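A.B. asks: Here is a sequence together with a model predicted from it:
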Amino acid sequence: MRETPLTAPAASTERGLALPLVLMVLVILGAVVSVAFVVGRLERASSANSHYSAEAQIAAEAGLANMFATWDPYVHSVIPVWDGTPATEWGSGIQMVAGNAQLRYVDSVRRLNGQLFLVRSSGWRNDASGSVLGRLAVAQLFRIVKPTIGVNAAITVQDPLTLNGNAFVISGFNGIPSEWSAGECDPLDPGPTDDVVGVRSSVGTGVQAQDLDNVFGFPAPAVPNDPTITSETFQNFLDYTYSTLAGTPGVKTLPLSTPYNGVAPVQSGGVCDQTAPLNLGEPYRNPPTSGAVVPCYGYFPVVHGTGSETEFAGGNRGQGTLLVDGDLKLSGGFEWVGLIIVRGKMHISGNGNKITGAVLAEGANVSSSGALSGDIEIQYSECAIDKAIGGATSARPLGQRSWTQIF
């Protein structure tokens with residue numbers, strides 16, 4: 001039998017699957033790559049935004065830290081209570097973080113009551129052209145802390161004073177500084193409720209019978225042998241120490257070149273120039289004495305004399321808290337409103353010396369106790385002390401629930 005040969009199917013009837021499968025795989029791979037690319041871009045953008053936001057937060061928190069470190073009683077502690085208007089809100093203007101033009105912040109301060117302040121800090125991260133890449137604002141509650149220094153005499157000493165002559169006055173009767181208006185101080189209570197002793201000492205005061213025409217106070221002109229007066233009286237206070245007072249932000253450290261002459265307030269462009277080394281505030285008031293510098297009325301610095309002897313030779317005036325590590329020597333023409341704390345001995349001589357507030361002078365021993373002679377007036381003033389201590393205030397964040405992110 002003859003076999004019939006097999007015939008191959010025509011090529012036109014074949015249906016191949018390779019090309020569609022390849023195309024499908026390519027489409028799927030393209031989609032996967034596109035999705036991965038989009039996700040990558042989103043993640044990169046999200047990461048960049050998070051990074052920019054973190055840097056903006058760093059800038060904002062730098063603003064809070066700077067406000068804490070540079071709190072100025074002359075500027076911030078006298079802000080009026082905020083009433084919702086810009087006139088009662090203090091602003092710092094644009095500041096850079098550590099000189100970095102891409103990290104900036106602006107601080108604002110609102111006073112809520114006598115001791116509580118709301119500090120808001122807005123920080124942002126810019127690019128090189130100045131466009132904002134990230135922004136964040138934070139706020140924190142601050143309270144002002146004022147030293148509490150117990151003063152119960154016009155002069156408190158550990159050793160007896162040496163009083164020479166008859167041209168001095170030491171008075172513990174409470175008064176207000178001369179030339180100051182009644183509006184700067186609370187009204188004086190009638191009677192002796194605000195008066196103190198003239199001289200108080202841990203041993204003898206040095207006040208003799210012939211000095212009682214020049215020393216005044218309540219309940220007595222002088223109180224010797226006070227057991228509460230020790231070295232701690234001049235170094236440790238209720239919530240501050242001598243060292244923390246000397247470390248107050250903005251403390252004015254006197255140059256070591258002593259004696260000083262012509263210490264007086266300085267203004268620049270109608271503003272009290274706190275940077276002037278010997279600008280220690282303006283104790284004169286209205287009607288102003290000739291040459292009174294009005295912009296420095298509210299400047300009550302903490303002044304620190306670090307030398308073994310701090311001497312004011314003549315024509316000097318100031319206000320605030322004067323801290324003297326060594327001896328204090330006043331040689332005439334010295335006027336001070338506020339508090340003076342001397343760790344060494346005190347010598348006052350010459351004419352025109354006037355201290356309104358209080359003096360605490362530790363002295364080293366009886367033989368080196370201070371000498372007062374010449375034309376001098378030491379007048380106790382509760383108002384002057386309060387104003388001086390107010391110049392030593394600092395700001396501290398509240399301990400709990402004081403910080404929040406605004407946006």
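C.D. replies: Perfect, thanks for sending it. All values reported here derive from a predicted model rather than from experimental measurement.

A.B. asks: doesn't Leu103 make contact with Glu55?
C.D. replies: Yes. Look at Glu55 against Leu103 with C-beta atoms under 8 Å: they come within range, at 6.1 Å. For glycine as for every other residue, the C-beta is placed from the backbone atoms N, C-alpha and C.

A.B. asks: shared neighbours of these two, anything?
C.D. replies: Counting by C-beta atoms under 8 Å, 6 or more residues apart in numbering, the contacts common to Glu55 and Leu103 are Arg125.

A.B. asks: In the protein, which strand is the longest?
C.D. replies: The residue-count maximum for a strand in the chain (DSSP state E) belongs to strand 132-145.

A.B. asks: Direction included, what does the helix or strand just after that strand pair up with?
C.D. replies: As assigned by DSSP states H and E, the chain's next helix or strand after strand 132-145 is strand 153-157. Strand pairing for strand 153-157, using DSSP bridges, gives strand 197-201 (parallel), strand 353-361 (parallel).

A.B. asks: Distance-wise, check the closest residue to Asn49 other than its chain neighbours relative to Leu103.
C.D. replies: Spatial nearest neighbour of Asn49, excluding adjacent residues (C-beta to C-beta, 6 or more residues apart in numbering): Gly134 at 6.8 Å. Counting by C-beta to C-beta, to the nearest Å, the gap between Gly134 and Leu103 amounts to 10 Å.

A.B. asks: same deal with Glu335?
C.D. replies: Counting by C-beta to C-beta, the gap from Glu335 to Leu103 is 47 Å.

A.B. asks: now Leu322
C.D. replies: Leu322 is 40 Å from Leu103, by C-beta to C-beta.

A.B. asks: Of the two, give the one with the bigger neighbour count.
C.D. replies: More crowded of Leu322 and Leu103, by other C-beta atoms under 10 Å: Leu322, with 27 against 21.

A.B. asks: which parts of stretch 381-394 are buried?
C.D. replies: Neighbour-count burial for stretch 381-394, counted by 16 or more other C-beta atoms under 10 Å, picks out 381-394.

A.B. asks: can you check stretch 130-143 too?
C.D. replies: Using 16+ other C-beta under 10 Å as the burial criterion, the residues of stretch 130-143 that qualify are Leu133, Gly134, Arg135, Leu136, Ala137, Val138, Ala139, Gln140, Leu141, Phe142, Arg143.

A.B. asks: Who are the contact partners of the fourth one?
C.D. replies: In this structure, Leu136 makes contact with Ser53, Ala56, Gln57, Ala59, Ala60, Ser122, Gly123, Trp124, Gln405, Phe407, judged by C-beta under 8 Å, 6+ apart.

A.B. asks: SS state for the third one?
C.D. replies: Think Gln57. Following DSSP: H, G, I helix; E, B strand; the rest coil, the label given to Gln57 is helix.

A.B. asks: wouldn't it be in contact with Val138 here?
C.D. replies: Yes. Contact criterion C-beta under 8 Å: Gln57 and Val138 qualify, at 7.2 Å.

A.B. asks: what touches both of the two?
C.D. replies: Taking C-beta under 8 Å, 6+ apart as the contact criterion, the common neighbours of Gln57 and Val138 are Gly123, Gln405.

A.B. asks: Tell me where the model's unsure across the chain.
C.D. replies: Counting by pLDDT under 70, the chain contains low-confidence residues at 1-16, 40, 44-48, 288, 364-370, 400-404, 407.
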